[in-house]
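Structure of the sequence below:
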Amino acid sequence: MERCGWAGGDTLYIAYHDTEWGVPERDGRALWEALVLEGFQAGLSWITVLRKRENFRAAFQGFDPEAIAEWGEDEVARLLRDPGIIRHRGKIEATIGNARAWQEIEAGPGFARYIWDFVDGRPVQNRFASLAEVPADTEMSRKLSKDLKRRGFRFCGPTTVYAFMQAAGLVNDHLVSCPCHARVAGMG
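The predicted structure follows:
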């Protein structure tokens, strides 16, 4: 069996593929972090974000949405000067707004429950044989994207949301030839 080809030969990417990607995440803050990072990835490669993830965690106070929701222009200016992260004003401002939107959902059903309700609480088990079969978005990611936007989220288009769903284990898109497919399927 061979791991999914997108993992390539970079040891950081391989470790991410083998231990994190596709593993069902049920913690609301961790889900929010994953969604934010996918938003920062928009227009870039995931390895760029992955290499900066620890810098992002430091710059964004461990991705604490309660703290980030209180931020304003001073924090935006600080982050725009931080070479350890992706310095994009729109994405930084979206993260602050997304933290506020997260608070609203967390106060209601809870962010984890809200997200997992889109897949009826269980990961979708896809059985793709090749990367060419894996979609960029799905009806489900379009529905979640639309609802997130309705609730005030930004940088969460259907492709970004589908990448988030793959990363957070809402869908199992490891190829059937990948040893992680069966392992992740058993975690549902």
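
Wait, Val184 touches Asp173, no?
No. Taking contacts as Cβ atoms under 8 Å, Val184 lies outside contact range of Asp173: 9.3 Å. All C-beta spots, glycine's among them, are computed from the backbone N, C-alpha and C.

Looking only at neighbour counts, state which of the two leads.
Using other Cβ atoms under 10 Å as the criterion, Val184 and Asp173 rank with Asp173 on top: 28 against 20.

residues contacting that one?
Contacts here follow Cβ atoms under 8 Å, 6 or more residues apart in numbering; on that basis Asp173 touches Gly22, Asn126, Phe128, Val134, Gln166.

Hmm, the first one is touching Gln166, no?
Yes. In this structure, Gly22 sits in contact with Gln166. The criterion is Cβ under 8 Å, and the distance is 6.4 Å.

low-scoring stretches of the chain, by residue?
For the chain, no stretch has pLDDT under 70.

run the last query once more with 80
The chain contains residues with pLDDT under 80 at 1, 188.

At which residues are the helices of it located?
Along the chain, counting by DSSP state H, helices occupy 11-19, 28-41, 46-59, 65-68, 73-80, 89-107, 111-117, 139-150, 158-167, 179-185.

In CSV: those, plus distance to Cys4.
As requested, the helices of the chain are exported to CSV (distance: least, Cβ to Cβ, whole Å):
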stretch, distance to Cys4
helix 11-19, 6
helix 28-41, 17
helix 46-59, 12
helix 65-68, 30
helix 73-80, 32
helix 89-107, 27
helix 111-117, 23
helix 139-150, 19
helix 158-167, 10
helix 179-185, 7
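
Name the residues contacting each of Val184 and Asp173.
Contacts common to Val184 and Asp173, judged by Cβ under 8 Å, 6+ apart, are Gly22.
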